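> Any chance you could fold what I've pasted below:
(one chain, ligands or ions: 2)
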Amino acid sequence: MSRLPFMFALAGLVATQPIVATQAIAADSATANFKGVGGTAIATSAPKGVLLKVNVTGLTPGWHAIHLHEKGDCSDAAFKMAGGHTHGAAPVVHGLLNAAATDTGDLPNIYAAGDGSAHTELFTGLVTLADLQDEDGSALVIHAKPDDYTSQPIGGAGDRVGCAVIK
Ligand SMILES: [Cu+2]
Ligand SMILES: [Zn+2]
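Numbers count the residues shown, from 1 in each chain. Ligands and ions are numbered 1, 2, ... in the order given. Below is the predicted model:
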């Protein structure tokens with residue numbers, strides 16, 4: 001009789017341990033679908049930032065700027081509703097290579113192959129997934145031209161051609 005409670009206790013231990021391990025490994029992530037171009041971006045929370053896996057089609061071949069914009073709104077054709085780049089301080093200064101400051105939404109350019117597809121992973125330590133998933137969300141925006149990383153306000157990146165809401 002005295003063995004029975006012990007067996008139950010052991011069974012409980014075995015059952016709970018794998019669940020705890022799974023939770024520790026599982027990362028928070030959000031999948032965002034692009035408008036304007038095809039494809040998706042997956043934003044995964046990292047210990048010191050956010051990893052972005054970008055798989056898009058329908059771009060013009062060559063280099064394109066890609067930034068995190070401050071509002072999760074891709075509802076208009078020009079994607080202006082997404083607002084400016086996410087930023088942590090005023091005055092807002094754009095550019096990964098700008099000595100004065102850098103927007104938290106600034107990212108390295110992506111390259112579209114001859115078939116218009118781009119597949120890449122980008123890491124930023126300037127934001128967290130929680131920052132991006134704030135009340136009004138955020139958007140990952142792809143531009144027509146590359147970012148020169150220094151000029152204002154968007155590094156000469158031109159029109160917004162793709163937009164994906166991160167929420
Ligand atoms: Cu942008
Ligand atoms: Zn910027």
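> Neighbours of Ala30, how many?
Taking other CB atoms under 10 Å as the neighbour definition, Ala30 ends up with a count of 19. Heads up, the C-betas are built off the backbone N, CA and C, glycines and all.
> In contact with it, which residues are there?
Applying CB atoms under 8 Å, 6 or more residues apart in numbering, we find Ala30 in contact with 42-43, 129, 132-133, 166-167.
> let's see it at 6 Å
If a contact means CB atoms under 6 Å, 6 or more residues apart in numbering, then Ala30 has 43, 166 as its contacts.
> Report the beta-bridge partner residues of it.
On the basis of DSSP bridges, Ala30 takes part in beta bridges with Ala43.
> Give me the pLDDT value at it.
On the pLDDT scale, Ala30 is placed at 96.
> same thing with Ala112?
Residue-level confidence at Ala112 comes out at 98, pLDDT.
> Relative to Asp73, how far out is the residue nearest to it when sequence neighbours are not counted?
Of all residues not flanking Ala112 in the chain, Leu59 sits nearest, at 3.8 Å (CB to CB, 6 or more residues apart in numbering). For Leu59, the distance to Asp73 equals 21 Å [CB to CB, to the nearest Å].
> So is stretch 92-109 next to ligand 1?
No: contact between stretch 92-109 and ligand 1 is absent, the nearest approach being 7.2 Å (criterion: CB under 5 Å from the ion).
> How far does that stretch sit from its chain's centre?
16 Å (CA atoms, centre = their mean, to the nearest Å).
> helix or strand for the closest residue to Gly36 other than its chain neighbours, which one?
The shortest distance from Gly36 to any residue that is not its chain neighbour, by CB to CB, 6+ apart, is 4.3 Å, and that residue is Gly162. With secondary structure defined by DSSP states H and E, Gly162 is part of strand 160-166.
> picking that back up, more neighbours, Leu59 and Asp73?
Between Leu59 and Asp73, Leu59 has the larger neighbour count (other CB under 10 Å), namely 25 against 18.
> show me the contacts for the more buried one.
Contacts were defined as CB under 6 Å, 6+ apart; by that measure Leu59 touches 37, 112, 116, 118.
> for Val54, same thing?
Contacts of Val54 (CB under 6 Å, 6+ apart): 41, 120.
> run the last query once more with 8 Å
Here Val54 is in contact with 39, 41, 66, 110, 118-122, 140 (criterion: CB under 8 Å, 6+ apart).
> What is the neighbour count of the residue nearest to Ala78 when sequence neighbours are not counted?
Setting aside the residues directly before and after it, Ala78 is nearest to Arg160 in space (CB to CB, 6+ apart), at 6.2 Å. Counted by other CB under 10 Å, the residues lying close to Arg160 total 23.
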